[in-house]
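S.K.: quick one, structure for this:
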Amino acid sequence: MTFIRECPMFLFVRYILWGQWLLLKQLLNYFLHSSALNSYDVERVFAENLRVTTCLSKTSPSSSISRDTKVVLINHRCFSDFFIDGFILKKCTHLSRWAVGIFFPIFGLYGLISGRILFFHRGKTPRKTLASKIALHLEKNPDRPLIVYPEGTRYLGTTPRPLKHGVIKICFEQNLPCQIAIIWGKDRILNEKTFSVSYDQLCIYSFSNVFLPAEYVDFDSFYVAISMTWENMWAQVSSEYPSL
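M.R.: Predicted coordinates:
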């Protein structure tokens with residue numbers, strides 16, 4: 001029995017189920033007692049239980065996410081992203097594939113009811129349809145920026161990869177102010193590839209200045225500016241993170 005409790009996979013599964021249970025409790029209180037849904041409470045409890053500490057990078061161009069920002073472009077590492085990113089930003093919505101909601105049904109149901117997650121069908125949702133969904137969501141939630149993972153998939157590499165054009169182009173076309181957030185150390189907390197859970201981990205984060213699409217003559221110049229900033233921030237934050 002002791003072996004089972006200490007088994008990394010057992011601990012990983014336990015935390016995944018516990019996270020679902022925290023969301024389910026909020027949903028039950030919502031349906032039974034009309035209590036408000038606040039995902040930050042869950043993210044905070046999760047981070048505190050794992051004793052996560054966060055620190056703003058010394059080279060961060062900005063100290064916070066602007067109130068005017070509508071889209072935050074964040075590096076996608078692992079499952080930890082879904083609670084660490086929200087824990088650091090405090091108020092946000094995730095743009096996520098429907099597959100995530102199907103694989104984690106309570107997470108998906110919570111996201112649909114609370115508006116905490118905006119789902120889309122990867123590879124099947126036309127860009128115009130996605131653009132309309134994003135515009136409608138931001139209109140209903142003007143104080144809640146949308147988290148987007150522009151790499152397109154989870155990526156644990158040591159060098160940055162090219163960013164997908166999709167949502168970045170939507171930002172340009174709809175004149176949506178956006179920022180970059182590079183957060184390092186997430187994959188050391190809860191990692192589905194190694195089925196590992198680690199306590200007392202540090203996350204270093206960096207925020208870019210706000211990108212205003214109206215300040216760029218065309219999409220190409222807007223995309224290049226974002227890509228160059230992404231690469232610079234990636235290099236700075238990753239070099240600042242303590243090595244194993």
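
S.K.: contacts, neighbours, all on C-alpha from now
M.R.: Fine.

S.K.: can you list the weak-confidence ranges in this structure?
M.R.: Scanning the chain for pLDDT under 70 picks out 1-6, 243-244.

S.K.: next, name the residue at the spatial heart of it.
M.R.: Central residue of the chain (CA atoms, centre = their mean): residue 85, 4.4 Å from the mean position.

S.K.: spit out the contact partners of that one.
M.R.: residue 183 (CA atoms under 8 Å, 6 or more residues apart in numbering).

S.K.: got it, and residue 172?
M.R.: 213-214, 219, 222.

S.K.: same list, these, but as CSV with neighbour count, distance to residue 30 and secondary structure please.
M.R.: Below are these laid out as CSV (neighbours: other CA atoms under 10 Å; distance: CA to CA, whole Å; DSSP: H, G, I helix; E, B strand; the rest coil):
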residue, neighbour count, distance to residue 30, secondary structure
213, 22, 39, helix
214, 14, 41, helix
219, 17, 43, helix
222, 20, 42, helix
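
S.K.: closest to residue 202 among those?
M.R.: residue 222 (32.2 Å; CA to CA).

S.K.: backbone dihedrals for residue 197, please?
M.R.: phi -130, psi 130 (degrees, to the nearest 10).

S.K.: what's around it, how many residues?
M.R.: By the criterion of other CA atoms under 10 Å, residue 197 has 21 neighbours.

S.K.: excluding its backbone neighbours, what's nearest it?
M.R.: Computed as CA to CA, 6 or more residues apart in numbering, the closest residue to residue 197 that is not its neighbour in sequence is residue 190, at 4.7 Å.

S.K.: assess the claim that that neighbour and residue 200 are in contact.
M.R.: No. Residue 190 lies out of contact with residue 200 (CA atoms under 8 Å); the separation is 11.8 Å.

S.K.: could you tell me whether the residue nearest to the centre of the chain really is in a helix?
M.R.: Yes. Using DSSP: H, G, I helix; E, B strand; the rest coil, the assignment for residue 85 is a helix.

S.K.: so how far is residue 98 from it?
M.R.: Using CA to CA, to the nearest Å, residue 85 is found at 19 Å from residue 98.

S.K.: repeat that for residue 203.
M.R.: The separation that residue 203 has from residue 98, given CA to CA, amounts to 27 Å.

S.K.: ok, these two, which is more surrounded?
M.R.: Neighbours were counted for residue 203 and for residue 98 using other CA under 10 Å; residue 203 has more, 21 against 16.
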